[in-house]
Each structure stands twice: as C-alpha cells, then as structure tokens.
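Student: quick one: sequence plus predicted model below, questions after.
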Amino acid sequence: MSRGLPHNVKQCLEKSRDCALLAIETYNKPAIKFRSGGYVVLMVISWTSLFHSIFYRDKIKPYRRKKGSQRFETKEGDYCYWSLEECLQEYFKSDTQNPIRKNLEFFIPLRNKIEHKSLPQIDPDLFAECQAMLLNYDKILEKEFGLDFCIRESLSFSLQLFPSSENLSAAIKSNPDAKKVKAFIEKYRSTLTTDILESGQYSFKAFLLQVANHQSADALPIQFIKYDQLTDEEKENVSKFAVLVKEKEKPVSGKDLLLPSKVVKLVQKGLGNPKVDRNGIKKDKFNADTHTRCWKKYNVRPNNGAANPSTTDPRYCIYDEPSGQYRYTKTWVTLLTEKMNIEDEYKSLFK
C-alpha cells in the first residue's frame, strides 16, 4: 500500500496509523479507566506523525531552526522535530478558524493537563471532540494520501452500554484536578465562534434511534448519514426524532439561562481576564457597564421600563416575567467573547 513513497514518509505514515489504531483500541476497552487520557495522548502522536509525513513528501523538513540561524536545532545528536502546534501553523497557515485546526488546538493543552492524571469522569464531556478528532484524521489521510491509506475499513462500531450518569460538573465536587480541567474546557469552548461550535469537524454529535429489524438480512445494523446531505424534509424528520429520544426532564425555570453578573464573569474570563485603564483606575475590560453597552449596541433587549419588555432577541436574551429580570443565553456569552476580542469592536462601545 505504501509502495513508491520515500522511506521517511512511509515510516511516519505507518507510525501515525498504528498510533491511531492503538488510541481507538485503548478508548474502546471496557476495563480501561484512563480512557480519554490514553486516547488523546496517542492521537496527538498520531496527528503529529501524519503531518511530518506530509511535510517530508512535500520536501519540507519538519525540524526547528536555531534562533537567528538557518541551521537546525539538535538535542543529543537528533533533530528537534516540530510539535503538533508548529505543524498546525505550517499546514493551515493563515486559516486560523478552520474547525479541524480548532479541534486539535483544544487537545494540545488538554493533553498536557490530563496525561499525568486519571480523570475518567471527563469522558462523557469529551466524547464529541474525541470522535471528531478521529473522523478528521481519516479525512486528512484520504485527502493527502488517498483512500487506500484510510483506517475506517479496519474499524467496527464499538459496542456500548448506557453512558455513566456522572458528568464533569459532578466530578469536581470530589476532585480538584477535575475542577481545573473543567475550567480549561469551558474557557476554550467560550472562545469559539458559533459556526465552529456547531461544526461536525470540531465536535461530532449524533443520536441513535432503535428501530425494528430490517427485512433484509444483508442490511447494515448501523449506518452514518451526513446531516448536511439530507433533504429539508428529512432534516425536519430527524429533528422530530431527536426530540423523541431525549430523556424526559422535569421542567426547571430558567434552565441554562444566565444572569448578567454571570455573563460578565464568563466573558471576562474568556478574554483572559484583561484590565483596562479608566480615568486612572484599573478595571476589568469586560464589566457590568460594558455588558450594558453591548446589549444596547447589538439590540438584544429593550431598555428598562419599556412598555413591552419581552421584545428581546431570543437567541441571546429572554425576559423572565415572574422575576422581572432579563436572562441571557450561552450563545450570548460566545458572541460577546468573540466580539470583544476585536479591539475596534470593543472601542466602538465608547464612541
């Protein structure tokens, strides 16, 4: 299969595919508790080796150069290879908002946080990004080297039990390490645009609907169909099915909605907790005053005392009549974090 490829390309490619298969095997073993940790570590190695094989093929040496010199950096007689982060910079170049790149940039610091810890509680929260990481890998393999190099034919659908009911929020109550990881995950996701968050290349999400057995004995038990290839009618039916398979929950007033103070805290944190000088006083860049200016600028709710307070933009804000308060969505936090990272957009609030 790899006949005709230069030796260094072939070597990196074989290592990459082996690491990917080992990562999948580790993740799918029922007795393994270091599931996400082992998977992420191995997949980072796999992706890095894949990029090295691409660069070798394209006559690009993936080695670090000494500062101020054209000579390559060495350590104990070996070249210092590009890390995954450096590979992303070379491969995607100025395409900083590519969802495949954003998915991998999520795992680089996460790998450093979890490789020396055992946090099985984070598995359900990471599944969507882990699955996308694998699908993207096979996609790039096919794009760069052809269908024969893909690993999809070597895999079967993993047998699953119902997932654990414990999620990351529950885990932090008894595990301080999990609390730090949760903070990182929330901070990273809050910096992403809505388009990237909803992209299947950043985070893969699906639901399974159990149906009656097909009449044909040759029918596949499980088939994956891309959502964006469905007709409008089929998409509507899928949405109806998705509602049907959701667990019935007891109604909770204001669930997933945020008070202004929480919005301010999340956006300021998502921006990296920067400070600005206001009349000689250091203040948080994003504070209650900034938030008020934002909802006025983007017209997401009426002013206080409006005759019809419910005329909000429901994507970002909902009026809670019993309490007389405005509450905000997580999409609003994402939008603000994105907008306030643009300096001209931030300055326009004070013109």
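Tutor: Thanks, I have the structure now.
Student: tell me the helix or strand right after the helix or strand of the chain with the lowest mean pLDDT.
Tutor: Within the chain, confidence by mean pLDDT, DSSP states H and E is lowest for helix 168-171 among all helices and strands, at a mean of 54. Heading C-terminal from helix 168-171, the first helix or strand you meet, by DSSP states H and E, is helix 176-190.
Student: contacts only, for the residue in the chain sticking out farthest from the centre.
Tutor: Most distant residue from the mean C-alpha position of the chain: residue 307, 41.2 Å away (CA atoms, centre = their mean). If a contact means CB atoms under 8 Å, 6 or more residues apart in numbering, then residue 307 has no contacts. For glycine as for every other residue, the C-beta is placed from the backbone atoms N, C-alpha and C.
Student: for it, what is the enclosing helix or strand?
Tutor: Judged by DSSP H and E, residue 307 forms part of no helix or strand.
Student: residue 19 too?
Tutor: Residue 19 belongs to helix 7-28, assigned by DSSP H and E.
Student: elements contacting that helix?
Tutor: When contacts are defined as 3 or more CB pairs under 8 Å, 6 or more residues apart in numbering; DSSP states H and E, helix 7-28 packs onto helix 35-57, helix 123-145.
Student: neighbouring contacts of the last one?
Tutor: By that I understand helix 123-145. Residues outside helix 123-145 that contact it (CB under 8 Å, 6+ apart): 13, 17, 20, 23-24, 27, 35-36, 39-40, 43, 46-47, 50, 53-54, 57, 100, 103-104, 106-107, 110, 149-152, 163-164, 166-168, 185, 200-205.
Student: let's see it at 6 Å
Tutor: 20, 35-36, 43, 54, 100, 103, 106, 149-150, 152, 163, 167-168, 201-205 (CB atoms under 6 Å, 6 or more residues apart in numbering).
Student: again with stretch 291-303
Tutor: 260, 264, 311-313, 316-317, 326, 336, 349.
Student: ranking those by neighbours, who comes first?
Tutor: Ranked by neighbour count (other CB atoms under 10 Å), these have residue 336 at the top, with 26 neighbours.
Student: what bits of the chain have low per-residue confidence?
Tutor: 1-3, 154-174, 206-229, 235, 238-255 (pLDDT under 70).
Student: can you give me the strands in it?
Tutor: In the chain, the segments counted as strands under DSSP state E are 74-75, 78-79, 275-278, 281-284, 317-320, 325-328.
Student: pull out the buried members of the contacts of helix 123-145.
Tutor: 20, 35-36, 43, 54, 100, 103, 106, 149-150, 168, 201-204 (16 or more other CB atoms under 10 Å).
Student: and the furthest pair within those?
Tutor: Maximum pairwise distance among those (CB to CB): 35.2 Å, between 149 and 168.
Student: returning to what we had before: in TSV: the strands of the chain, plus distance to residue 86.
Tutor: Converted to TSV, the strands of the chain look like this (distance: least, CB to CB, whole Å):
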stretch	distance to residue 86
strand 74-75	15
strand 78-79	13
strand 275-278	31
strand 281-284	33
strand 317-320	41
strand 325-328	38
